[in-house]
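Give me a model of this one.
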Amino acid sequence: MTAVTEILNGLHNINKPQQKFLQVLFSTMFVVHSAINFLSLSRYSGTSERTFRRQFRREFDFPAFNLRVAGKAASLTPQAVACDASFIKKSGRQTFGFDKFWNGSRSCAEKGLEVSLIALVETAGNGSFALSAEQTPARITTPGAAEETRIDFYLEHFRRTAPCLPASVRYVLVDGFYAKEKFVSGVCAAGYQIVSRLRADANLRFLFQGEQRSGRGRPRKYDGKLNFKDLSRFEPIQSDELHPALYTARVWAVSLKREIQILVLVARKAAPKQRMVVLFSTDVELAAKEILRLYRSRFQIEFLLRDAKQSAGLESCQARDKAALWFHWNASFATVNLARMMAHEKNTKSEVAAFSMKSIKQKVFNQHLLELFISRLGLDPTAIKNHEQYEKLRNYAVIST
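Okay, the predicted model is just below:
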């Protein structure tokens, strides 16, 4: 993989043995069809299982590597980053960070691990690249000490990653769980704006726009509590879409302790109970349709998590210590990034092309197998690669080419 070699050559604080290992690691992760762990990696490469275990405990600057991978995709101009956490299946009480975490696929809390991911998001082309992954720590209660919440950890993860973000990034896209005053204030203090979702029963107040009374006393700031059953005081937004209806207003969020711009999406279909979604942005000058577009692009991080779990071995790490888990998870996301980079480089059209992680892995595996046959059987590589059936063999079982 020539592109990986070029990226690694441009990084600092990496020696030749680690650079050689990473080249082997990424090329092997593309060809492993079973669970990606130390044993399977050694079976598909000439590197021993012991070497993989040792190298997975070494430090590596994955955010810098991922930034260079994203930079190879010329169309990527990230305007925002998305943050999300995902449940990781894992057994063993001696595993670092083993605790109860929310499993969205089962809609309940289960014992396992959790990964916190920050990803670059291209809002125009709906592309995304993982930037930094860290493990959510287990809850540790110390007598007499204030308990650190998981929101504290997510905020610290963002602060550690913020220096790596490109200058074009302005917005942080998160789901409704992150819409808490501590996280929102911390992100805004770092110089970024939040786009997220509020509960339908959020405590909001209209801002007073009338003439202030003269005399003593504090100027009037609020003009009544917001009631989502009555949208007459909202500004309707013209939309070409059939669903939903859009309304916007600038209000005061009591729980967030700040002024925000909200966008209310109301289903047009008649229903016994009116369904609505409330989005918001801390950037009060942001247009309502931009709030909707930015929040929709947040879902690209879900595809990164899906591809990492299904095709890059995110949930198949054999290690139990913190360092090896961190390395394995970041290597999984870096593999997905490399696959997306390959798809961007292959796409010569102006429109956004469909991306299939499984197809790219299948094609790389076919190429690996053909080269293995050529080398082991002593065949003429020129004659084989010029054969009319060579491309068909490279694309064997590929879903989309």
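
Return the distance of Thr51 relative to Leu370.
Here the criterion is CB to CB, to the nearest Å. By it, Thr51 lies 26 Å from Leu370. (C-beta placed from N, C-alpha, C; glycine too.)

do Lys363 as well
From Lys363 to Leu370 the distance is 11 Å (CB to CB).

Any chance you could list residues touching both of those two?
Shared contacts of Lys363 and Leu370, defined by CB atoms under 8 Å, 6 or more residues apart in numbering, comprise Arg394.

helix or strand for the residue lying closest to Thr47 once chain neighbours are set aside, which one?
Among residues not flanking Thr47 along the chain, Val24 sits closest, at 5.5 Å (CB to CB, 6 or more residues apart in numbering). In this assignment (DSSP states H and E), Val24 forms part of helix 16-31.

low-scoring stretches of this structure, by residue?
For the chain, the stretches with pLDDT under 70 are 1, 74-76, 125-126, 140-146, 240-243, 268-274, 347-353, 400-401.

In the sheet, which strands lie alongside the one helix or strand Leu113 maps to, parallel or antiparallel?
In this structure, Leu113 is located in strand 108-122 according to DSSP H and E. Partners of strand 108-122 in the sheet, by DSSP bridges, are strand 80-88 (antiparallel), strand 99-103 (antiparallel), strand 127-135 (antiparallel).

Pull out the buried residues from the helix holding Val24.
The neighbour-count check on helix 16-31 (16 or more other CB atoms under 10 Å) flags 18, 21-22, 24-31 as buried.

closest to Asn203 among those?
In terms of CB to CB, no member of those lies closer to Asn203 than Met29, at 47.5 Å.

how close does the closest one sit to Cys83?
Note on Met29: its distance to Cys83, by CB to CB, is 25 Å.

if we can go back for a sec, dump the strands paired with strand 108-122 into a markdown table; add distance to Asn9 and mean neighbour count as well.
Formatted as a markdown table, these follow (distance: least, CB to CB, whole Å; neighbours: other CB atoms under 10 Å):
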| stretch | distance to Asn9 | mean neighbour count |
| --- | --- | --- |
| strand 80-88 | 27 | 25 |
| strand 99-103 | 38 | 16 |
| strand 127-135 | 20 | 25 |
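
Quick one: those strands as a markdown table, columns for distance to Phe303 too.
Formatted as a markdown table, those follow (distance: least, CB to CB, whole Å):
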| stretch | distance to Phe303 |
| --- | --- |
| strand 80-88 | 11 |
| strand 99-103 | 19 |
| strand 127-135 | 7 |
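
of all those strands, which lies closest to Ile7?
strand 127-135 (12.7 Å).

List the contacts of the helix or strand following that closest one.
Past strand 127-135, further along toward the C-terminus, the next helix or strand under DSSP H and E is helix 150-161. Under the criterion CB under 8 Å, 6+ apart, residues 63, 83, 85, 116, 118, 131-132, 134, 136-137, 172, 178, 180, 182-183, 186-187, 190 lie in contact with helix 150-161.

Need the buried ones from those selected in PyMOL.
Filtering those down to the buried ones (16+ other CB under 10 Å) takes a single PyMOL command:
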select buried, resi 63+83+85+116+118+131+132+134+136+172+178+180+183+186+187
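
tell me the contacts of Asn203?
Contact analysis of Asn203 by CB under 8 Å, 6+ apart lists 225, 253-255.

Relative to Phe96, which of the residues you listed is nearest.
Nearest to Phe96 among the contacts of Asn203 is Ser255, at 33.4 Å by CB to CB.

State the number of residues packed around Lys225.
Here the number of neighbours of Lys225 (other CB atoms under 10 Å) works out to 11.

try Gln79
For Gln79, using other CB under 10 Å, the count is 19.

any idea how far it is from Arg159?
20 Å.

Now do the helices in the stretch 151-300 of the chain.
Assigned by DSSP state H, counting those that start in this stretch, the helices in the stretch 151-300 of the chain fall at 181-189, 288-297, 300-311.

other SSEs contacting the next helix or strand after the last one?
In this case it means helix 300-311. With elements assigned by DSSP H and E, the helix or strand that comes after helix 300-311 is helix 322-346. Applying 3 or more CB pairs under 8 Å, 6 or more residues apart in numbering; DSSP states H and E, one finds that helix 322-346 contacts helix 2-9, helix 16-31, helix 62-72, strand 108-122, strand 127-135, helix 300-311, helix 357-377.
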